[in-house]
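S.K.: Sequence first, predicted coordinates after that:
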Amino acid sequence: MNKTTSKWAGLLTEQRNPNSTQIDLASSVEALRIINAEDQKVAPAIEAIIKDIGRAVDLVVTALQNGGRLFYIGAGTSGRLGVLDASECPPTYGVSPDLVQGIIAGGMPALTRSQEGAEDRAEDGEIALKDHACTPTDIVMGIAASGVTPFVLGALRYARNLGSKTIFFTCNPDVVSKANPDVAIVPRIGPEVVTGSTRMKAGTATKLVLNMITTTAMIQLGKVYENLMVDLLPTCDKLVDRAQRILSLVSNLTPQESKQALEQAQGDLKAAIVMTKRAVSLETARQLLKNNHGIVNKALEE
């Protein structure tokens, strides 16, 4: 019998996992234990590549400090996770929705319904970045668990030729050269519990890495004071309450005093912290923050 080969057949993410070959015969609890045991391999795989993630963060910070944007680009689960991470940056860190953007093959409909075949054209990745007016100042992170997604590779090739810095996330170490990125992030998580189902361990690894990149970048950009999100946008009751509790925590104000101080700061939590701790006006607090690139600790020390 002749065996056929394909570009997917040899990929690590397409191999069978010897630990789950009998999972179809397992009870629910037994199956869950198999899945959980495999999931526990993800965090150590991420820890092993922390330095690579750090290099990616430094590139992102440099791009954002110089007026650039971060684009995530992917297909399927990878694309959805990129869009998710990007969408959570504005309310958490008070940044413009344009600063971190997620692009998914097939467009917004692909977020809720699979768009089969949308990932198969490399030129569509290039078109997507053109539609978003990508420039050399921007940074592009391609996300592809398999590492061979044409949509992602086409986007990275266009970004690289444009002069943009590029990051490539994949769970297949043998395909990194196809993307030729400035930084490769390659967690070695092994085969999936259900063969080829990269929404599982690969998806978990992707979510962890994206969380780490944007969170650490925002910390470096002064969006966090101590371990508190001080650039949040109080756009709902929960976030208004959180802003008041944060101010009360760092300034030893009563809840009512925190509410009044935030009102005086026009809802600007960072300014309210500086106003309270340095006993200055809103105008002075904002100038101190401006002088120190929005970093609260430095504004308090000036």
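M.R.: That came through fine. Numbering: from 1, shown residues only.

S.K.: can you pull out the strands in the stretch 101-250 of the chain?
M.R.: Assigned by DSSP state E, counting those that start in this stretch, the stretch 101-250 of the chain shows strands spanning 139-143, 165-169, 183-185, 224-225, 228-229.

S.K.: which of the ones you listed is buried the deepest?
M.R.: Among the strands of the stretch 101-250 of the chain, strand 139-143 has the highest mean neighbour count (mean count of other Cβ atoms under 10 Å), at a mean of 29. All C-beta spots, glycine's among them, are computed from the backbone N, C-alpha and C.

S.K.: got the angle for that one vs strand 165-169?
M.R.: Following axes from the mean of the first three to the mean of the last three Cα atoms, to 10 degrees, one obtains 20 degrees for the angle between strand 139-143 and strand 165-169.

S.K.: Against which helices or strands is strand 139-143 packed?
M.R.: Contact analysis of strand 139-143 by 3 or more Cβ pairs under 8 Å, 6 or more residues apart in numbering; DSSP states H and E lists helix 50-65, strand 70-74, helix 76-93, helix 150-162, strand 165-169, helix 201-220 as its packing neighbours.

S.K.: Report all helices and strands that the last one contacts.
M.R.: Here helix 201-220 is seen to pack against helix 28-39, helix 42-47, helix 50-65, strand 70-74, helix 76-93, strand 139-143 when contacts are counted using 3+ Cβ pairs under 8 Å, 6+ apart.

S.K.: Compare the strands of the stretch 101-250 of the chain and give me the one nearest N291.
M.R.: strand 224-225 (16.2 Å; Cβ to Cβ).

S.K.: before we move on, back to that, want to throw the helices and strands packed on helix 201-220 into CSV with distance to R199 and mean pLDDT?
M.R.: CSV is the format used below for the helices and strands packed on helix 201-220 (distance: least, Cβ to Cβ, whole Å; pLDDT from 0 to 100):
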stretch, distance to R199, mean pLDDT
helix 28-39, 12, 97
helix 42-47, 13, 97
helix 50-65, 21, 98
strand 70-74, 12, 98
helix 76-93, 4, 95
strand 139-143, 13, 98
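
S.K.: Compare those and give me the one nearest K259.
M.R.: Of all the helices and strands packed on helix 201-220, it is helix 76-93 that lies closest to K259, at 20.1 Å by Cβ to Cβ.

S.K.: Quickly note the distance from the most centrally placed residue in the chain to R113.
M.R.: In the chain, the centroid-proximal residue (Cα atoms, centre = their mean) is L210; its distance is 2.8 Å. From L210 over to R113 the distance is 22 Å, taken as Cβ to Cβ, to the nearest Å.

S.K.: next one: L64
M.R.: Distance, L64 to R113, by Cβ to Cβ: 32 Å.

S.K.: what do you get for K298?
M.R.: In this view, K298 and R113 are 47 Å apart by Cβ to Cβ.

S.K.: so which of the helices and strands packed on helix 201-220 is the most packed in?
M.R.: strand 139-143 (a mean of 29).

S.K.: partner strands of that strand, parallel or antiparallel?
M.R.: In the sheet, strand 139-143 lines up against strand 70-74 (parallel), strand 165-169 (parallel) (DSSP bridges).

S.K.: got a list of contacts for that strand?
M.R.: 56, 59-60, 63, 68-74, 78-79, 81-82, 129, 134, 152-153, 155-156, 159, 164-169, 179, 181, 206, 210, 213 (Cβ atoms under 8 Å, 6 or more residues apart in numbering).

S.K.: Same question for stretch 43-52.
M.R.: Contacts of stretch 43-52 (Cβ under 8 Å, 6+ apart): 53, 183-189, 205, 208-209, 212.

S.K.: For those, which two are the farthest from each other?
M.R.: So for these, where distance means Cβ to Cβ, the most widely separated pair is V183 and I189, at 18.5 Å.

S.K.: on that earlier part again, please name the residues that touch the residue nearest to the centre of the chain.
M.R.: 72, 81-82, 85, 143.

S.K.: if we go to 7 Å?
M.R.: 81-82, 85 (Cβ atoms under 7 Å, 6 or more residues apart in numbering).
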